[in-house]
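Enquirer: need the 3D shape of this:
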Amino acid sequence: MKLEILAPCGSRESVIAAVRCGANAVYLGMKDFNARRNADNFDEEELREVIDYCHAREVKVYITVNTLISDNEMKTAYKTVQTAMHCGADGFIVQDLGLAKLIKKCFPSARLHASTQCSAVTPDGFNKLKELGFCRAVLPREMSLEEIKDIRSKTDIELEIFVHGALCMCVSGQCYLSSMLGQRSGNRGLCAQPCRLSFSADNSGSFDLSLKDLSLISKINEIKEAGVISLKIEGRMKRPEYVAAAVTACKNAINGNYLPEDEGILKSVFSRSGFTDGYFTGKRQDMFGIRSKEDVVAASSVLKDLSRLYEKETTLIPINLKFVCKKGEKIKLTASTDKKTVFAEGAYPEEAINKPLTEDRVKERLSKFGGTQYFVNSIDVELDEGLIASASEINSLRRSVVEKLDCNEETEFKQLPFDAVHSKEKHAVPYLTARFLSASQIPENHPFKRIFLPVWADNADFINSKAGVEIPRGLFGAEDKLKARLRELKDIGVENALCSDIGSYESAKSLGFEVFGNFSLNIFNSESANMFNSPILSFELTLEQANRINARDTGIIAYGKVPLMLTRNCPVKNRIGCDKCRKQGVLTDRKGYKFPVLCSSYPCVEILNPNPIVMSDRMDEIKTDFAHFYFTNETKEEICSIISLYKFNKFCENNYTRGLYYRGVK
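Expert: Numbers count the residues shown, from 1 in each chain. Have a look, this model is predicted:
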């Protein structure tokens, strides 16, 4: 299958740059519900124009609706999809599983692409996405080539991969740093990128959360052999020259012409201390970098040359013409591409007095497609002798078929009316659940209906504590290891599993566990809440929103130092090494706040908020069915004191936060 070059477009100028440089598809957002809300983006009229422009050049357009959607936004999101369908959109890139469910129900012909922010990292996760109606999934940037091959061998969903652009420290969809620090949520399209500021593992002011930009363009042959079909370029916030450079580099690589000079241009137009392929190759030692003054200055030397790559229309589409000029019949011209055939009819030809029309003259006049995206592949002429037709007549026929080829027909599709699950305020007195990092933290007489321990805890701890298993996030390449461990736990009597992504949810369910949804599923609305058993709702919801989620047995985190990041590359290990860390790693920001870093025997580490969410004196305001306690590095004595605070609804005297329950995210 031919590789698709998929280009980012935050403006009309970027669309033109992408198409003229050879992109096969572009992705862009409308004004709402897309993960780059600060890009220019497109209103309905602009969207129709760019889709018509792209389709006339046989380029597909995918619409990003890749943010979390609240209940009161669902109808507007429906209308956004409806508008895009009318404009002829070729597909939708979606994060929110509730929205995906709504789209599939109301617009059954819509193509769904699962955003990388769905956080699927295992074969079971990708197979579940296919079951939910997605035809394509965007791979996490953190995957190695071997892990991609494993996914490909165990699922038949289309796979798309980021081959160039910015690289976030956190696994996509699992970052809450920007929202907790400043209410600007990456899951809602307004990430402020605080990770690019100083977060230091050795208190030196270093930038230990800032990665270099990704570039896998030199690896495109390996990517193709691994079964990936779409090469995605990151950068809807970047300028058209960047788009032109990246698309051109991808095209050169596909054609076997990628040179060191191409990479040099890419570095000049935008990089952070160069590029990295560390996740793809598994060599993650030298992945960190910042945007330096030298990086910024380098762009000025290449922008003018790059703008020339797309200043003129590119001949992209071969066209076959058939010209018929017969006595007593109107002149006819048929034009065909591999996607479309159109027809134009002119005046009757006249008898020639001096110089009759010749086949060569017809071909000369019909070959003039300069300034359009078409070039002549063949011209078939049927011409009776002794006839004449004016140059203006033939030119008019040529222009007419171009206009018809450019014209996009109104898109027809089946549509059902909006009928989403409506929010409904609950009035429950919540029961309590908890997760502990270690069995040594669990008090003898605790008030929790369900408790969970991490999957790597000792068997005896599960048995003695009557605990369920919490499955970690970020199971890159670890699904077989996880399933083997879950079978062990099932054999010793563990029955409950708290699942952190759709893959582990399906894995545990298939092994006979009673499954529960964790906070990292990013449940933000009633539609998605009804897809999982007893889910812990997203802590990016306000308390009012959480209370109104209309689903059975939902909960919120009422206490805990919540994880702000999940990362495959440990920032502490990179800066000071594991020997000095000794599992006591912290990151210090520019204001002196210290963020604990927790590692495990599974692939990823978590970066915690310095202060816990505490709702001990506000429990009467929580109306969800249960309240969850997220214990991390607290001692058993501290946990007993915390439980006491909640038992008597007391105010917390220590440093704490209310999280986003009263602030919300933008």
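Enquirer: and the gap between Ser367 and Pro596?
Expert: 70 Å (CB to CB, to the nearest Å). In short, each C-beta sits where N, CA and C put it, glycine included.
Enquirer: cool, and Ser11?
Expert: 41 Å.
Enquirer: who has more neighbours, these two?
Expert: Ser11 (21 against 17; other CB atoms under 10 Å).
Enquirer: point out where this structure drops to low pLDDT.
Expert: 35, 37-39 (pLDDT under 70).
Enquirer: neighbours around Arg582, how many?
Expert: When neighbours are defined as other CB under 10 Å, Arg582 has 7 of them.
Enquirer: oh, that last question was meant for Glu158, not what I typed.
Expert: When neighbours are defined as other CB under 10 Å, Glu158 has 20 of them.
Enquirer: ok, and the closest non-adjacent residue to it?
Expert: Counting by CB to CB, 6 or more residues apart in numbering, Glu158 lies nearest to Arg136, which is 3.8 Å off, once chain neighbours are set aside.
Enquirer: doesn't that neighbour fall inside a strand?
Expert: Yes: applying DSSP: H, G, I helix; E, B strand; the rest coil, one finds Arg136 inside a strand.
Enquirer: and it, bridged to which residues?
Expert: Counting by DSSP bridges, Arg136 forms beta bridges with His113, Glu158.
Enquirer: measure it to Gln82 for me?
Expert: The spacing between Arg136 and Gln82, counted by CB to CB, is 21 Å.
Enquirer: which of these two has more neighbours?
Expert: Shown here are Arg136 and Gln82; by other CB under 10 Å, Arg136 has more neighbours (19 against 16).
Enquirer: give the contact list for that one.
Expert: Residues near Arg136 by CB atoms under 8 Å, 6 or more residues apart in numbering: 91, 111-114, 157-160, 230.
Enquirer: try Val562
Expert: 176, 180, 519, 539, 608-609, 612-613, 630, 659.
Enquirer: who wins on neighbours among the contacts of Arg136?
Expert: Ranked by neighbour count (other CB under 10 Å), the contacts of Arg136 have Ala114 at the top, with 31 neighbours.
Enquirer: does that one touch Phe134 like I think?
Expert: Yes: using CB atoms under 8 Å, Ala114 is in contact with Phe134, at 4.4 Å.
Enquirer: what touches both of the two?
Expert: Here Ala114 and Phe134 have 94, 100 as joint contacts, going by CB under 8 Å, 6+ apart.
Enquirer: quick one: the helices in the stretch 151-300 of the chain, in order.
Expert: Per DSSP state H, counting those that start in this stretch, the stretch 151-300 of the chain carries helices over the ranges 177-182, 220-225, 240-254, 260-269, 278-281, 293-299.
Enquirer: redo these as a markdown table? Include distance to Tyr559 and mean neighbour count.
Expert: Below are those laid out as a markdown table (distance: least, CB to CB, whole Å; neighbours: other CB atoms under 10 Å):
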| stretch | distance to Tyr559 | mean neighbour count |
| --- | --- | --- |
| helix 177-182 | 15 | 21 |
| helix 220-225 | 44 | 17 |
| helix 240-254 | 44 | 25 |
| helix 260-269 | 47 | 17 |
| helix 278-281 | 34 | 20 |
| helix 293-299 | 43 | 13 |
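Enquirer: of those, which is nearest Asn41?
Expert: Of all these, it is helix 240-254 that lies closest to Asn41, at 14.9 Å by CB to CB.
Enquirer: and the contacts of Val562 as a markdown table, adding secondary structure and distance to Cys325?
Expert: As requested, the contacts of Val562 are exported to a markdown table (DSSP: H, G, I helix; E, B strand; the rest coil; distance: CB to CB, whole Å):
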| residue | secondary structure | distance to Cys325 |
| --- | --- | --- |
| Tyr176 | coil | 70 |
| Met180 | helix | 73 |
| Phe519 | helix | 72 |
| Phe539 | coil | 73 |
| Leu608 | strand | 79 |
| Asn609 | coil | 77 |
| Pro612 | coil | 83 |
| Ile613 | strand | 80 |
| Tyr630 | strand | 80 |
| Gly659 | coil | 76 |
